[in-house]
Structure formats: structure tokens, C-alpha cells
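Novice: coords below, sequence missing:
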């Protein structure tokens, strides 16, 4: 801790109790130390150990309690009591994973230490080199191969760790990659090289990508990304030297210190390009950081101060938002009438729209019920409950209430934009209820469950052509037209619109995926013709399997895969985090 100043602590904090372990001594193996798990022993285990220490007049601290999310709710109170009656040398060391359930009082009275990876690719590579010694570096009998692969592994580790900063465009989910993964890979690499006459590249990639690093990964698209990285970094050409990234070539065999100096001297400046991403990813990352910061500041501000900026009290702000939503809330759909009209003609597409009307009604009923109760509470006709106060806070902060999210479509929009989006979605359903005919071009992003509509396309084509539904996949044809230019429904399949591409763009003239333009974070896609064919009749060569997600949050909102034409190798777009999104929020 470079800036830790012990002189600023009180005497009771800086006093070093006797028998404390040295830096290299294992506390668990020291008889004067005790290790307790709150999950198994509870806070009573702490009290018992403290009493034993007091009875034996031991002055050694209690070390290594493991905290978890299911900790005792009385932890803070019990620790306060132990502080009052415990020995003056009594200490508690808490180790915990990141958690929101650790009592605030415990955090406030503690000296907090965190162990996080450094920022930047070069810093992560230096940290990777520091996790093993020069003896490890020189341990293999195949020096050239071992050093080349090891250097490439260190770069791979730095990339997968630092890529997390780019959010969902980096990884769909946040994974706890750590130095233990790297050291395990090094041990496996050394064993393989010593036991095999020929380097088993496929085996190495499988062990590294599917077992060691892949053991953390739960998302299939992230697993594909990890494997694509390893196909580039772990291959036969790495022994002769490869471009790890533009402007950074893997060096020839050097000493341990020589590699460290090479990184310090030759590593390029920090940029998304080092990770295979487009430079626009930096804009996305910084914008997301700023949005999170200002959102946190906004939530911490006193409500009266925030309301004063709008020239109204906080109650007036809530009342205005409440009235605006209630006055413009759409009427529910008459499901009984729709069911009667559909009795003679109810195919897969009609089922999808009917189910969408059902879900829209459930959401509208919930919104109306909760807002009506809050309205009565504001007028004094009902006592304000915790749920009503939480709803009022959400309206004041322009956030979608958590109670609505249980029935809502997936969205990252603020409340005002979310409500407008709800009205647009309902309008598409209203247009369908007029004649119960599938629109010429379907706004796929306006569905609660867009995959249901895509499945209906597959069902319709399978019935018409006697195909086996289980062996069919969706095919995608990107047109050069907008929604207003479509004159008639598709003869087979369906036209859809409402998608955006992130990480790259669709070139209308070339008819393929191309590099994004600078400062153009997303590209609006033209109309797509979605059809389905048996897998045996589809040629997937030279096509990029582009994942489609509901929102910019990606991971949990996966919908389907669209196979798009590309003149570049598909691996370029995999590493670039290219995906299509159904809903975006302009920050």
C-alpha cells in the first residue's frame, strides 16, 4: 500500500501484539491463531474462541474469519461487544468476496484492504511475470517453445482480465480470472512439453480454454471468445514469433529479465485495439463509467435539493410523474373478444401476438394498480407502506420501479423513455388486433418474448415443407430497404426490423459486416428477412454467427443467432464483440 501512513493511526491501532505472524508465516499453521468460518461456526464460534483466549490470557489476535453473504445479521453487534470485553490485543481479520450484505458499521470501523488486478495491459503483464520466478522460466528442457508459449500465455491472461473493463462488449458476464489460472496453465504446459515429443497444440488449447480459464465461464458466447483468443495465441507459429496485437510482436527467446524489459520497452499504448476491439469501445467504456458515476451522485443527493433544481418540491415531482403515466396509460386488450375472433384461424403467428397481448395486460394492470395505491397514499386516503415509498422514490429518480420489472419487458431505459417504449409496443399490438393479420414488417424489438415469434417462423415453414423442426435453424437475409419500402408480406418467413449492430456496422453496398466508423457506436440495421431451413441445407462457411440480444446488457437477454455475410475472417468479429441489439439507450 504505497500511501499507507501508520503515523496517522491511533496508538490502539498501531500497537503490534506479540506472537503476530511474520509476512511469510502461515497463520493457519500457527497454534496461536484460530480460523473460523461464519457459515459453519456462526458468531458463537467467535465468542467461544475469544473466551478461550481470555481464560488462557493469550494476547494473540484471532485471524482469518471467512465472511460470506449468509453471515449472521448480528455480526456488527457481537463484534462491538467483543471489543468492549475482549483483550486489548484481540484482533479480528475478515476475508470476504465482494458482497453488499457486509454490515456498513463493520466496514466503517475497519482498515480495509483489497486485492484487485492493476489497470492497463502492460501493468497486468508485469503482474503476470511477477507470479513466478526465474527458475520457473528456465525449468523446461524445451526452452524456445516453453518461453514462447509462456510469454503468449501471459499476454492472453492480461487480455482476458483487462477486457472486463469494457463491460458487456468485453465479456457478457463478469468472471473471476486470477493469477492462479495462469500458474496452473504454466504447470500444465511444462508437464506437456516434458512428456510429449511433439507439442499437442489442440490439447493445450482445450485444457486452457475449457478447463482452467473456461472453468469460470458460464456463457457460451464468452466460451467461444476465449477459444478464439487461444486459437491465435497458442499455435505453432508462436515459436517463430507472431503479432500478439497490431504493433506488438512476440519476442525471440530471452532471459526472464529480458522479457520484462521487452514489455516495458515495446508494449504499445493502452487502446481497445490491443484486445481486438474497435476504438469506439473506449468511448462506450468511458461513457458508461461517467453515467454510473453521475447516477450514483444523483441518488446520493438530498431529494429536496434535486427537486429544487426543477422548481418543485419532491412530492410535486412524484405527483407530476404519477399523473402523467396514469393519464396516458393504454387501455388493456379485450382478450375474450380476440380469442373469439381467432377461433377459426389461429396459427403460430396469431398465438404469439395473443400471448403478447396477455403479457401487456398483466403489465398494464400492475402499473395501474400500484400507481392508484400510491395516488391514494399521497392524498392521505391510505397509509404509506414501504412498497409505496419505494415506488415514489423510483418515480422521483426517473427509474423503473423494481415491482414493475417482474412483469416488464427487458430494458435499460429510464422511466420516461421506458413508458414511451411501452406505448410504442402496445401500438403494434393495437394494429394487429384490428385485422388479426401479421404486419408486413414486424417490429421484433417490440415483443416481450421475441424468440417466440422467431420460433413461429420455424414452425410455419416446417409445417409447409414437412421439415423436422428440431433440425432447423434460422437464416438471415439483410435487405437494402427500410420498413417503409416493404410493400407486401414475405411469401415465406417474415420481414423484421428494429435491430442495431454494436462493435461493427452493416455495409449496404458491400452487403457484409465491416469496420465501424469512428464515433459511430451503433449502426441501425435495415429490414431483415428471417426464414428457416434444415441444418443440412445451410452453408455456414464465411458467415459470422452474430448473437442477438434484447439490450446492451447482453448476457441474460440472448435471443437468437443471425448468420451474416462477412469478407473478413469471422474470428475478427468474435474478438471484436460484435452483436446485434434490439433496444439501445442513447446516453
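Specialist: Here it is on my side, so go on. This one's a predicted model, so the numbers in the text were calculated from it and none came from an experiment. Residues are numbered from 1 along each chain as shown.
Novice: how far away is residue 236 from residue 582?
Specialist: For residue 236, the distance to residue 582 (Cβ to Cβ, to the nearest Å) stands at 41 Å. Just so you know, the C-beta spots here come from the backbone N, C-alpha and C atoms, and that holds for glycine as well.
Novice: so between the two, which is more surrounded?
Specialist: Taking other Cβ atoms under 10 Å, residue 236 and residue 582 do not tie; residue 582 has more neighbours (24 against 10).
Novice: and the pLDDT for the more buried one?
Specialist: pLDDT recorded at residue 582 is 95.
Novice: mind listing what it touches?
Specialist: Contact analysis of residue 582 by Cβ atoms under 8 Å, 6 or more residues apart in numbering lists 444, 445, 450, 498, 499, 500, 548, 549, 550, 551, 557, 559.
Novice: got those as CSV, with pLDDT columns?
Specialist: Shown next, in CSV, are those (pLDDT from 0 to 100):
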residue, pLDDT
444, 96
445, 95
450, 95
498, 94
499, 96
500, 96
548, 97
549, 97
550, 96
551, 94
557, 93
559, 95
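Novice: and the residue nearest the centre of the protein?
Specialist: For the chain, the residue nearest the mean C-alpha position is residue 173 (3.5 Å; Cα atoms, centre = their mean).
Novice: helix, strand or coil for that one?
Specialist: The three-state label given to residue 173 by DSSP: H, G, I helix; E, B strand; the rest coil is coil.
Novice: wait, it touches residue 219, no?
Specialist: Yes - counting by Cβ atoms under 8 Å, residue 173 does reach residue 219; the two are 5.3 Å apart.
Novice: tell me, what's touching these two both at once?
Specialist: Joint contacts of residue 173 and residue 219 (Cβ under 8 Å, 6+ apart) are residue 555.
Novice: and residue 564, backbone torsions?
Specialist: Dihedral pair for residue 564: phi -110, psi 150, per degrees, to the nearest 10.
Novice: list the contacts for it?
Specialist: 476, 478, 506, 512, 513, 543, 544, 546.
Novice: max pairwise distance over those residues: which two?
Specialist: Distance extremes for these: the farthest pair is 506 and 543 at 13.6 Å, using Cβ to Cβ.
Novice: list the buried residues of stretch 512-524.
Specialist: 512, 513, 514, 515, 516, 521, 522, 523 (16 or more other Cβ atoms under 10 Å).
Novice: what's the mean pLDDT across it?
Specialist: Rounded mean pLDDT across stretch 512-524 is 93.
Novice: mind checking the end-to-end distance for that stretch?
Specialist: In stretch 512-524, first residue to last residue: 14 Å (Cα to Cα, to the nearest Å).
Novice: from the chain's centre, how far out does that stretch sit?
Specialist: 22 Å (Cα atoms, centre = their mean, to the nearest Å).
Novice: tell me the helices in the stretch 151-300 of the chain, going along the chain?
Specialist: For the stretch 151-300 of the chain, the helices defined by DSSP state H, counting those that start in this stretch cover 179-195, 201-206, 220-233, 256-266, 280-300.
Novice: pick the most deeply packed of those.
Specialist: helix 220-233 (a mean of 19; mean count of other Cβ atoms under 10 Å).
Novice: which neighbouring elements make contact with that helix?
Specialist: The contact analysis (3 or more Cβ pairs under 8 Å, 6 or more residues apart in numbering; DSSP states H and E) places helix 220-233 against helix 143-162, helix 201-206, helix 570-575.
Novice: now those helices in a markdown table, with mean pLDDT and distance to residue 407?
Specialist: Below are the helices and strands packed on helix 220-233 laid out as a markdown table (pLDDT from 0 to 100; distance: least, Cβ to Cβ, whole Å):
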| stretch | mean pLDDT | distance to residue 407 |
| --- | --- | --- |
| helix 143-162 | 93 | 37 |
| helix 201-206 | 94 | 43 |
| helix 570-575 | 96 | 35 |
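Novice: check those helices for me and report the most buried one.
Specialist: Highest mean neighbour count of the helices and strands packed on helix 220-233: helix 143-162, a mean of 22 (counted as mean count of other Cβ under 10 Å).
Novice: helices and strands around that helix, which ones?
Specialist: So helix 143-162, by 3+ Cβ pairs under 8 Å, 6+ apart, packs with helix 121-129, helix 179-195, helix 220-233.
Novice: among the ones you listed, which comes closest to residue 146?
Specialist: Closest approach to residue 146 among the helices and strands packed on helix 143-162 (Cβ to Cβ): helix 179-195, 5.7 Å.
Novice: angle of that closest one against helix 143-162?
Specialist: 160 degrees (axes from the mean of the first three to the mean of the last three Cα atoms, to 10 degrees).
Novice: average pLDDT for helix 179-195?
Specialist: Mean predicted confidence for helix 179-195 is 92.
Novice: that helix: how far from the chain's middle?
Specialist: So, by Cα atoms, centre = their mean, the centroid of helix 179-195 is 29 Å from its chain's centroid.
Novice: now do stretch 92-102: distance to the chain's middle.
Specialist: 22 Å.
Novice: ditto for stretch 269-276
Specialist: Its chain's C-alpha centre and that of stretch 269-276 lie 20 Å apart, by Cα atoms, centre = their mean.
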